[in-house]
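Visitor: The amino acid sequence is not available; the structure is as follows:
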């Protein structure tokens, strides 16, 4: 169905060492900004009423990668595009999910807890999920091709980009609350603008290729993102989560940190350039644009609808 995208796979994206360093620093600063919103007391939610949190984590790290694998087998995109979809599904929630949950009148505390747990779990789950489902794709698809990924190097990269800024941000927030209250809003604005610049930088040197392949890439990401949002909402509904919790879980499952995916793709120690994985980068980059549009749309629609008073279980 998407066989022509194989031409896109062979595109070797141009990204200078300086550009990659800028992307790494930008993502680390974004993660530090997210952590400024986290307080130790918010983690009490994990122990007092953990059901919605458990549902959200399962939806994001178990169901979404598994359903993405099935989607890949169904639509049969080119190998690099398939790997891109699997990698995005293996990433934690995006940095703007908390804002969208708040806008949607969702359970913002749950959203923040899910972001914290997912970002922490991503240190292990992102490399693990990509390795498991990537290897299954290679074995299951006639188009699959061998790809050797250093899971240890991916873990190190994820820890440096997510783990260290997260730890520093939480510590700063808890030990310097007055300063944090003054800088948290500017950091949110910076995070949003920086992420857009982040994605634009990924496209800049390869814009002609993107224009040529935007129709199939757009369609694939549209279907994939719709699947992610539907997964979160359906799984939360099956377990009869309150409406506010359902909204938070839906957004957390549908908004992925595709920026992390881009950084991993451009790391030559993880994905050597000779692998010709151009399709991966275009999937991750367009995800970064599209999930903002879809997330803002669904949160705006929900913002207009009142949430019925329900008993938390």
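Guide: Sure, I can see it. Since the model is a prediction, treat every value here as computed from it, not as a measurement.

Visitor: so what's residue 168 up against?
Guide: Applying C-beta atoms under 8 Å, 6 or more residues apart in numbering to residue 168 gives the contacts 32, 35. Quick note: C-beta positions are derived from backbone N, CA and C, even for glycine.

Visitor: Residue 242 versus that one, what's the distance?
Guide: 34 Å (C-beta to C-beta, to the nearest Å).

Visitor: ok, now residue 103?
Guide: When distance is defined by C-beta to C-beta, residue 103 is 18 Å away from residue 242.

Visitor: swap in residue 298?
Guide: Separation of residue 298 from residue 242 (C-beta to C-beta) stands at 18 Å.

Visitor: cool, residue 267 as well?
Guide: Per C-beta to C-beta, residue 267 is found 40 Å from residue 242.

Visitor: do residue 187 as well
Guide: Using C-beta to C-beta, one gets 30 Å for the distance from residue 187 to residue 242.

Visitor: swap in residue 133?
Guide: From residue 133 to residue 242 the distance is 31 Å (C-beta to C-beta).

Visitor: out of the two, which sits in the more crowded spot?
Guide: Between residue 133 and residue 242, residue 133 has the larger neighbour count (other C-beta atoms under 10 Å), namely 24 against 19.

Visitor: Could I get the average pLDDT for stretch 216-232?
Guide: Mean pLDDT, computed over stretch 216-232, is 93.

Visitor: Identify all contacting residues around it.
Guide: 2, 4-5, 8, 56, 59-60, 63-64, 67-68, 71, 75, 77, 81, 85, 88-89, 210, 249-254, 256, 282-283, 286-287, 290-291, 294, 298.

Visitor: so who does residue 137 touch?
Guide: For residue 137, the contact set (C-beta under 8 Å, 6+ apart) comprises 69, 72, 73, 82, 83, 86, 144.

Visitor: Kindly provide the distance from it to residue 221.
Guide: According to C-beta to C-beta, residue 137 stands 18 Å off from residue 221.

Visitor: Likewise for residue 109?
Guide: Distance, residue 109 to residue 221, using C-beta to C-beta: 30 Å.

Visitor: what does residue 212 give?
Guide: Taking C-beta to C-beta, one finds residue 212 at 16 Å from residue 221.

Visitor: Between those two, tell me which one has more neighbours.
Guide: Each of residue 212 and residue 221 has its neighbours counted (other C-beta under 10 Å); residue 221 has more, 26 against 14.

Visitor: Mind listing what's buried along the host helix or strand of that one?
Guide: In this structure, residue 221 sits in helix 207-238 according to DSSP states H and E. For helix 207-238, the neighbour count (16 or more other C-beta atoms under 10 Å) marks 209-210, 213, 216-217, 220-221, 224-225, 227-229, 231-236 as buried.

Visitor: How far off centre is that helix?
Guide: From the chain centre to the centre of helix 207-238 is a distance of 12 Å (C-alpha atoms, centre = their mean, to the nearest Å).

Visitor: That one: what's the following helix or strand?
Guide: Following helix 207-238 in sequence order, the next helix or strand is helix 243-254 (DSSP H and E).

Visitor: any idea of the mean pLDDT in that next one?
Guide: Regarding helix 243-254, the rounded mean pLDDT is 93.

Visitor: For the following helix or strand past that helix, name the packing helices and strands.
Guide: Where DSSP H and E defines the elements, the next helix or strand beyond helix 243-254 is helix 258-265. Counting by 3 or more C-beta pairs under 8 Å, 6 or more residues apart in numbering; DSSP states H and E, the packing neighbours recorded for helix 258-265 are helix 17-35, helix 79-90, helix 151-158, helix 177-204, helix 278-303.

Visitor: tell me the mean pLDDT over the second one?
Guide: When you say that, I think you mean helix 79-90. For helix 79-90, the per-residue pLDDT values average out at 91.

Visitor: next one: the helix or strand that comes right after that helix to chain centre, how far?
Guide: Counting by DSSP H and E, the next helix or strand C-terminal to helix 79-90 is helix 97-103. Distance of helix 97-103 from the chain centroid (C-alpha atoms, centre = their mean) equals 15 Å.
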